[in-house]
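In: Model the following, please.
(3 chains)
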Amino acid sequence: MTNNLTVERQQNEWANSSIATTPTADDQTVIVADNLSKHFGATKALDKVNCKIGGASIFGLIGSNGAGKSTFLRLVAGVYRSTEGSMLYRGQVVFDNPSAKKDIIFVADQPYFHFDNLRKMSALYRSLYERWDQELYQELIRIFPIREDQRLDLLSKGMHRQAALILAIAARPRLLLMDEAFDGLDPVMRQNLKRVLARQVTDDGMTTLIASQNLRELEDFCDHVGLLHEGGLLFVEELDKLRLGLVKAQVAFREEVSSEKLMEMGLEILRFSARGSLVEILSRNTEMELRTILNQVNPLLLDVLPLTLEEVFIYELSRKSYVVSELLA
Amino acid sequence: MIYPEVNVQSGVPIYQQLKNSYHRLAALGLIQPHEQLPSVRQLAMELGINPNTVQKAYRELEQEGLIYAVPGRGNFLSDAERELDVEYEEIRRGFRSAAHIAWTAGIDRPTLHKLLDECLDEPQPSEQER
Amino acid sequence: MSSANFWRNAERDDIMALQLQTDRRKSGAFHRKSGLWWTFGRQFADLRSLIAIFVFLFLLVMPIAMLILGREIFTGLANRYTLPYHDAEGMSVTYLLGKPLLFNFAFVPFHLMMITVSSVAVLIMGGSLFRPLYHRETVDFEWSLPLTKSQWFLGRALALVAGLSVVYLVNIVATSGIVYAWGLNELLGDYLFAYLKTYLSTIVFAWFSLVIFSLAGRLFDAIILNIMIHLAFPLTLLIPFLIGDINRQSSIHKLVWLFAPAFDTYRGIVADRSILYYVILIIFWFVFGWFCAMKRPAEWGGRKTGTMLWFPFVQPVFSVAGGIVAGNLFYALDFANVLHGQTKLLRPSFIIGAILGAFLGQLVSSAIMGKSLQRVQGDEPGKARRHPVLCEWLWSLLGVAILYVVELLCQVI
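Out: Residues are numbered from 1 along each chain as shown, chains lettered A, B, ... in the order given. Now for the predicted structure:
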């Protein structure tokens, strides 16, 4: 009976996953993708994506290569025009709309600099963005050390990114878009970036959208994540809630306990692998539930292991095909 | 002002680490009741973590009664009795287990007390190691 | 998580107050220029060094060249042709290629050199202005700025005109100064008028180029396509002319010059085009160019032009040109034709030549523009859309059909 309920719940969740919302009040919603599709000829880079992203959030957009992250970012930035549906920033269509774009800055994977030093680039940004903060700019060139007159084309990739970030943050956008935020930055600069972003979030209510393949970097910084897979948005969820639903434990039982027995006791086991006397269990329960259930059999050893975001995503993805195979069976 | 520490590598959610940290700091008396906690801004900037995460931790700590907020001024440690149910339960479980082993092996109560004292005198592993 | 929750904590009121102060201070200091002024200013500033180069080149081929030639020789040249070079009845007495000249012949060599440099200037300045459209990184940067596509396009167009205007202006001032100093002011009247028309014809060429710049995927493609179109059209007139088929005065053939505006600048020396003619063309190409620029999506940056959806519809130009050239050449080699007296269009030699030439034109233009000739595949940004060779045959046959229609129309009109 548990299994039937489980399947049903999974199916419902999957059906709703294409309409994913972050729990925000509507007036705080910054980005709305409404049935958004982007086709390049016959290729569907994004297919009927629906989501809302709330204000002052640090949102991680995750997906493998070709999943559509860069396309999504460029749609938010107003570089691409949607093929179907719309991309709205605070209720306005972004494409070809300067009044929306003046709040949005896009830091591309390979930033382009029209001028070859920061001084001239900062003058350019200053003339376009009325929220440009010269003092913040001065502070940033000290924090991410780059001299104003340094030739940008001679710098490494990581330094390019630092330069682009300096310019982007000093312009005080309401929405900052980053294609790979931390790639190429050394650990000290990464920490600095996080600090600066944290400050902009509290001081300015800035919303940040980071697209990345690198889960490790995002999982300790984002508060919401969205998973893109082959052009579809699988889900959008608060990061901590994602972890809540899944737990991994290493157990040593006093006597043989089968997974079926544990499932009867209420454990929604996703993986049960025995290595010698140690059993690793991955289940769809909270830690409390797991402990309560397992303690009933009085194990010799019970260690709850930290679950990486990668593992969470792998199971979310495999759950999708799991449900599909259930439907076909 | 005391700042808690977090370890982003550990896999434990950061807001959970913050909460645990504050519980411990309070329990150890390193923060006094009615002492001001760092603001969301300060804590996020100091540690390089998401302000929303800090906000969440503070909100839950407030719900748990560990802290209280004064609008326009900040968060402060409360002087209410702290809930330590979870910790008590964990400790009880450990003690039960030890007591069972002692009874099976015929070890008497004073010896058990001596062993407990030895354990308490041992240095605790730091937050960074798990 | 709403940001309202932040403000619950501590310094909300202080931060808000600070924020208001900051915003007030900043918006007082910041006066935003209009978007168009910004894009124009930016593009024109970027064009500075090219403008300087072309100012120098224009000066070199005209005023400086005249100075090198020297006053005596120039005056001698000017006097060789009767002054005034229209006779009493207003009939022109100086001819070039059988057509009356519009101004004194002495200017002609310099003017021709200047026009050549001018056409080069259009391509190079235009290319420099439009280069950002052809790379993904630059497109990402530009299109995320708070400016509209319209402002970018107009800024570029106006910068191009302004650049060319500066060059033309400096040149004519220098030239006029020299001619005046040599005491030959009476020559200036007609020449200035012709100069103005030449300037306008250059603007027509510039606006025509805007269309190509707006449609191409890469800079190389834009420039080469421009040159190819300019070569293709006149070839359809030139080759038949060379083999003796002088019957090319039909109105249809006059349309050729509309699509080769760079050559039209040369015709400006002899053809009596009205100012209105140029104005109409300027407006037409500008509107068309603007339309193409507005339609252009960001994802075209860096794509091979041969992969674009519109390219197969432009290709008939090249297959028709190839067909006419080869058809006429084969016909010319077919010595038996004089005996048969068949019309050219029905001669097997012409037909074979036309078909082969059309196919060759199709293939060559496909190869240069990056349209790949294999099995059809799905379309992706940057990936060449492939067509089977059979498809290319069909397109070139279309070219042959158009060719025949055109030729038949010419004989009728």
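
In: which residues of the chain score low on pLDDT?
Out: Chain wasn't specified; assuming chain A. A:1-27, A:319-329 (pLDDT under 70).

In: Actually, chain C is the one I wanted.
Out: Using pLDDT under 70, chain C drops low at C:1-33, C:81-98, C:243-253, C:336-342, C:373-388, C:411-413.

In: what helix or strand is A:A249 on?
Out: Using DSSP states H and E, A:A249 sits in strand A:247-252.

In: any idea how far chain A is from C:Y199?
Out: 31 Å (Cβ to the nearest Cβ, to the nearest Å). Where C-beta positions appear, they are placed from N, C-alpha and C, glycine not excepted.

In: doesn't C:Y168 make contact with that residue?
Out: Yes: C:Y199 is within contact range of C:Y168, at 5.0 Å (criterion: Cβ atoms under 8 Å).

In: C-terminal to the strand holding A:A249, what's the next element?
Out: Counting by DSSP H and E, what follows strand A:247-252 is helix A:259-264.

In: Restrict that following helix to CA atoms and write it as CSV.
Out: Extracted as CSV, the C-alpha positions of helix A:259-264 are listed here (Å, rounded to 0.1, in the frame of the first residue of the first chain):
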residue,chain,number,x,y,z
SER,A,259,14.8,-3.8,2.8
GLU,A,260,11.3,-5.1,2.4
LYS,A,261,10.9,-5.3,6.1
LEU,A,262,12.2,-1.7,6.5
MET,A,263,9.8,-0.5,3.8
GLU,A,264,7.0,-2.1,5.6
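
In: Give the other helices and strands that that helix contacts.
Out: helix A:2-16, strand A:269-275 (3 or more Cβ pairs under 8 Å, 6 or more residues apart in numbering or on different chains; DSSP states H and E).

In: 6 Å instead?
Out: strand A:269-275 (3 or more Cβ pairs under 6 Å, 6 or more residues apart in numbering or on different chains; DSSP states H and E).

In: Which strands border the strand it packs on, and is each parallel or antiparallel?
Out: If you go by DSSP bridges, strand A:269-275 pairs up with strand A:278-283 (antiparallel).

In: Return the set of buried residues in the partner strand.
Out: Buried residues in strand A:278-283, defined by neighbour count with 16 or more other Cβ atoms under 10 Å in any protein chain shown: A:V279, A:I281, A:L282, A:S283.

In: with those residues in mind, which one is nearest to C:I229?
Out: A:L282 (64.6 Å; Cβ to Cβ).

In: Would you confirm that the closest one contacts A:L270?
Out: Yes: judged on Cβ atoms under 6 Å, A:L282 makes contact with A:L270 at a distance of 4.7 Å.

In: For chain B, what lies in contact range of chain A?
Out: Within chain B, the positions near chain A by Cβ under 6 Å from any Cβ of the partner chain are B:V8, B:G11, B:P13, B:R41, B:A44, B:M45, B:G48, B:N50, B:P51, B:N52.

In: Just give me the closest of the residues you listed to A:L136.
Out: Closest to A:L136, out of all of the residues of chain B next to chain A and judged by Cβ to Cβ, is B:M45, at 13.9 Å.

In: The residue in chain B that chain C sits nearest to bridge partners, please.
Out: In chain B, the residue found nearest to chain C is B:G74; the distance is 3.8 Å by Cβ to the nearest Cβ. For B:G74, the beta-bridge partners are B:V70 (DSSP bridges).

In: For it, the count of nearby residues, please.
Out: B:G74 sits with 18 neighbouring residues when counted by other Cβ atoms under 10 Å in any protein chain shown.

In: which phi and psi does the residue in chain A that chain C sits nearest to have?
Out: Residue of chain A nearest chain C, by Cβ to the nearest Cβ: A:G41 (2.4 Å). When read as degrees, to the nearest 10, the backbone of A:G41 gives phi 60, psi -120.

In: how much space is there between it and C:S214?
Out: From A:G41 over to C:S214 the distance is 20 Å, taken as Cβ to Cβ, to the nearest Å.

In: Please say which of these two ends up with more neighbours.
Out: More crowded of A:G41 and C:S214, by other Cβ under 10 Å: C:S214, with 22 against 15.

In: My read is that the more buried one contacts C:C292, right?
Out: Yes: with contact defined as Cβ under 6 Å, C:S214 counts as touching C:C292 (4.1 Å).

In: quick one: contacts for whichever residue of the stretch 251-400 of chain C sits closest to chain B?
Out: Nearest residue of the stretch 251-400 of chain C to chain B, counting by Cβ to the nearest Cβ: C:A298, 31.6 Å away. Residues in contact with C:A298 (Cβ atoms under 6 Å, 6 or more residues apart in numbering or on different chains) are A:V79, A:Y80, C:V139, C:W143.

In: how about the first one, phi and psi?
Out: What it means is A:V79. According to degrees, to the nearest 10, A:V79 has phi -80, psi -50.

In: Run a quick neighbour tally on it.
Out: 26.

In: and the nearest residue to it once chain neighbours are set aside, what helix or strand is that in?
Out: Closest residue to A:V79 apart from its sequence neighbours, by Cβ to Cβ, 6 or more residues apart in numbering or on different chains: C:W143 at 4.3 Å. Here C:W143 sits within helix C:136-144, counting by DSSP H and E.

In: Downstream of that helix, the next helix or strand is which one?
Out: helix C:149-181.

In: chain center to the helix or strand just after that next one, what's the gap?
Out: Next in sequence after helix C:149-181, counting helices and strands by DSSP H and E, comes helix C:188-215. Distance of helix C:188-215 from the chain centroid (Cα atoms, centre = their mean, to the nearest Å) equals 10 Å.

In: ok, so of the residues of chain B next to chain A, who is nearest chain A?
Out: Among the residues of chain B next to chain A, and counting by Cβ to the nearest Cβ, the member closest to chain A is B:G11, at 2.2 Å.

In: these two touch, right, that closest one and A:V304?
Out: No: assessed by Cβ under 6 Å, B:G11 is found out of contact with A:V304, at 10.1 Å.

In: number of nearby residues for A:R243?
Out: Applying other Cβ under 10 Å, we find 23 residues neighbouring A:R243.

In: Check the offset of stretch A:49-64 from the chain's centre.
Out: 6 Å.

In: I should have written stretch B:28-38 there, sorry.
Out: Put simply, stretch B:28-38 sits 13 Å off its chain's centre (Cα atoms, centre = their mean).

In: Sort out which residues of that stretch are buried, please.
Out: Within stretch B:28-38, the residues that count as buried by 16+ other Cβ under 10 Å are B:I31, B:L37, B:P38.

In: any idea how far C:F107 is from the closest residue to C:S165 other than its chain neighbours?
Out: In this structure, C:S165 finds its nearest non-sequential neighbour in C:Y199, 7.8 Å apart by Cβ to Cβ, 6+ apart. Distance, C:Y199 to C:F107, by Cβ to Cβ: 14 Å.

In: quick one, which of the two is more surrounded?
Out: Neighbour totals were compared for C:Y199 and C:F107, and C:F107 leads with 26 against 21 (other Cβ under 10 Å).

In: neighbours of the residue nearest to the more buried one when sequence neighbours are not counted, just the number please.
Out: Among residues not flanking C:F107 along the chain, C:Y191 sits closest, at 5.5 Å (Cβ to Cβ, 6+ apart). Neighbour count for C:Y191, taken as other Cβ under 10 Å: 21.

In: Settle this for me: C:Y191 is touching C:L102, isn't it.
Out: No: using Cβ under 6 Å, C:Y191 makes no contact with C:L102, being 8.5 Å away.
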